[in-house]
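# What follows is a predicted protein model with its sequence.
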Protein chains: 2
Amino acid sequence: MLIESQPFLAHIPPGLREVAKCRNMEAGETLFRIGAPVRNLFCVVSGEVQLLRHDPRGTRIILQRSRGGFFAEASAGSKAYHCDAIVNEASLLLCFPLEAFRVALEKDAPFRSVWMELLAKEVRKLRAQCERLSLHGAADRVIHYIESEGTGGAITLSQSRKSWASELGLSHEALYRTLKQLGAQGVLHLDGHRIFLAGKKRESSNVCFTPASCRSNSDV
Amino acid sequence: MLIESQPFLAHIPPGLREVAKCRNMEAGETLFRIGAPVRNLFCVVSGEVQLLRHDPRGTRIILQRSRGGFFAEASAGSKAYHCDAIVNEASLLLCFPLEAFRVALEKDAPFRSVWMELLAKEVRKLRAQCERLSLHGAADRVIHYIESEGTGGAITLSQSRKSWASELGLSHEALYRTLKQLGAQGVLHLDGHRIFLAGKKRESSNVCFTPASCRSNSDV
DNA sequence: CGTACTTTTGAATCGCATCAAATCTGGTGG
DNA sequence: CCACCAGATTTGATGCGATTCAAAAGTACG
């Protein structure tokens, strides 16, 4: 069950799995605080954890909201945490002792390569999300999302539209209106949780359309 | 000179360094196209490279703008590229043969650990940037930036304000006005490229202020 | 000295957030 | 099975804030 939600967990070697702990936490609980020594790597199985700091006026500066997957991976290299971790809603967490995790990465080459792959994928995904959030139009963000997260111009949403809106950095009202409008314009077709970009059949269809500057550089 | 711009490069083992190639490319040139086999890992030393796809109407979907550092790391795991790479302004690139890079990661433990650290740091940074871009107010983004990228509520900008604005997902006019306003309100102090958040002296000053729920969970 | 770029300020416009409220949905318990 | 509730979905009206267009002043560099 855990493994379904996080395919990566299937690759965790037995030695590490044995020392991993499961923790149920309630909303509002603190996982760690700034300055605390780093002794574990955490993975959110369900629920939400927030990494945050506080600005001078007490406002929360959210560094990361994690709803599934590892968080604060970068802390693995530091002695102490540079932010607080607060459980935002009742959550199930996996805790891996840092040293055991390090050893597993060191000794177990396949595990290591899966981990590096995971990090690299995460980087790719986050970069695309940053570019998307830099777009000012709601429609632009929706189309960007389908193009970058979907396949061949289509996507199946695995979440409610409301939380999709939040991921897009939009109010849910704005998203509903934008989808309706794009549907009416024929730019995209809505079919429940499945969304198609109109006029897009195959991923590679317009590779050849691209402008000039297509010298013999395509492969280096 | 290269190493100054990318401290990571200092850790590249000799064997890999020898097979790395340097490439100067002009604006508009194509580095690779969708579907091309992945044979190199690239690092931008100067200039800008964009990873992009095209939506049905020919609009560019920018997946990543890279101005320094590695890009398309995630492609290292795939056979073929899933996007185009276009040089957006005259750039200097480093090209590492993929196989040699893999071997270096496999054989050279210190190099490997530096590389994983680099990926993890990148993830942290990108997650913070996503949270920042999700904020709707210009002032919120500025403060978030100083809190997350700076140290103890202060930061020294290493770029023009105009490009900072772009990183914040704002028009430069909006940034100028916001800075002026925050300065007038006394929220922050401007001193050339150095910016201070008012009333913030030490990083850890308000760790103890935080609410309840601070049970003995701080360390797990 | 001139050119290119950044910085700065102004004015007008537009899109999205926000507030409000109605409908629809799935799930719970009587 | 139905009443009921929490949450998601949908539509409307309003206001604010950021974008945009425009233009001037400052700055770095050859």
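Nice, I can see it.

# In chain A, which helix is the longest?
Taking DSSP state H as the criterion, chain A has its longest helix at helix A:109-133.

# what is the mean pLDDT for that helix?
Mean per-residue pLDDT for helix A:109-133: 94.

# Now do the contacts for residue A:12.
The contact partners of residue A:12, taken as Cβ atoms under 8 Å, 6 or more residues apart in numbering or on different chains, are A:20, A:104, A:111. C-beta here means a position set from N, CA and C on the backbone, and glycine is covered the same way.

# and what of residue A:77?
So residue A:77 contacts B:117, B:120, B:121 (Cβ under 8 Å, 6+ apart).

# Likewise for residue A:8?
Counting by Cβ under 8 Å, 6+ apart, residue A:8 has contacts A:69, A:114, A:115, A:118.

# Also within reach of DNA strand C: list those from the residues you listed.
Checked against DNA strand C using Cβ under 7 Å from any atom of the strand, these yield no neighbours at all.

# from those, which is closest to residue A:176?
Nearest to residue A:176 among the contacts of residue A:8 is residue A:69, at 27.7 Å by Cβ to Cβ.

# need the contact list for the closest one.
Residues near residue A:69 by Cβ under 8 Å, 6+ apart: A:6, A:8, A:43, A:44, A:122.

# Looking at the contacts of residue A:8, which one is closest to chain B?
Within the contacts of residue A:8, proximity to chain B (Cβ to the nearest Cβ) peaks at residue A:115, which comes in at 7.6 Å.

# Now the closest residue to that closest one other than its chain neighbours: which helix or strand?
With sequence-adjacent residues excluded and distances taken as Cβ to Cβ, 6 or more residues apart in numbering or on different chains, residue A:115 is closest to residue A:105, at 6.2 Å. Element membership for residue A:105 (DSSP states H and E) is helix A:98-107.

# so how far is that helix off the chain centroid?
How far helix A:98-107 lies from its chain's middle: 24 Å, per Cα atoms, centre = their mean, to the nearest Å.

# Put the alpha carbons of that helix into CSV.
Output of helix A:98-107 as CSV, limited to C-alpha atoms (Å, rounded to 0.1, in the frame of the first residue of the first chain):
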residue,chain,number,x,y,z
LEU,A,98,20.3,9.5,8.2
GLU,A,99,23.4,7.4,8.7
ALA,A,100,21.7,4.2,7.5
PHE,A,101,20.4,6.0,4.5
ARG,A,102,23.9,7.2,3.7
VAL,A,103,25.4,3.8,4.1
ALA,A,104,22.7,2.3,1.8
LEU,A,105,23.5,4.9,-0.9
GLU,A,106,27.2,4.1,-0.5
LYS,A,107,26.9,0.3,-0.6
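
# now what about that helix, what contacts it?
With Cβ under 8 Å, 6+ apart, helix A:98-107 has contacts from A:12-13, A:15-16, A:19, A:38-41, A:76, A:111-112, A:115, B:109, B:116.

# anything in stretch A:147-165 near chain B?
Yes - contact of stretch A:147-165 with chain B (Cβ under 8 Å from any Cβ of the partner chain) involves A:147, A:148, A:153.

# quick one: the second one from residue B:83, how far?
Using Cβ to Cβ, to the nearest Å, one gets 9 Å for the distance from residue A:148 to residue B:83.

# Over to the last one?
As defined by Cβ to Cβ, residue A:153 lies at a distance of 14 Å from residue B:83.

# repeat for the first one
Taking Cβ to Cβ as the measure, residue A:147 falls 10 Å from residue B:83.

# can you check residue A:180 too?
Between residue A:180 and residue B:83 the distance is 30 Å, computed by Cβ to Cβ.

# Same question for residue A:131.
Relative to residue B:83, and taking Cβ to Cβ, residue A:131 is found at 11 Å.

# now swap in residue A:28 and tell me
42 Å.

# Between these two, which has more neighbouring residues?
residue B:83 (23 against 14; other Cβ atoms under 10 Å in any protein chain shown).

# which residue packs closest to the more buried one, ignoring adjacent ones?
If the residues on either side of it in the chain are set aside, residue B:83 comes closest to residue B:51, at 4.8 Å by Cβ to Cβ, 6+ apart.

# All the helices of chain A, in order from the start?
So, for chain A - with DSSP H - the helices run A:2-5, A:14-19, A:98-107, A:109-133, A:138-149, A:161-167, A:172-184.

# Make JSON lines from those helices and add mean neighbour count to it.
Shown next, in JSON lines, are the helices of chain A (neighbours: other Cβ atoms under 10 Å in any protein chain shown):
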{"stretch": "helix A:2-5", "mean neighbour count": "12"}
{"stretch": "helix A:14-19", "mean neighbour count": "13"}
{"stretch": "helix A:98-107", "mean neighbour count": "16"}
{"stretch": "helix A:109-133", "mean neighbour count": "20"}
{"stretch": "helix A:138-149", "mean neighbour count": "21"}
{"stretch": "helix A:161-167", "mean neighbour count": "16"}
{"stretch": "helix A:172-184", "mean neighbour count": "15"}
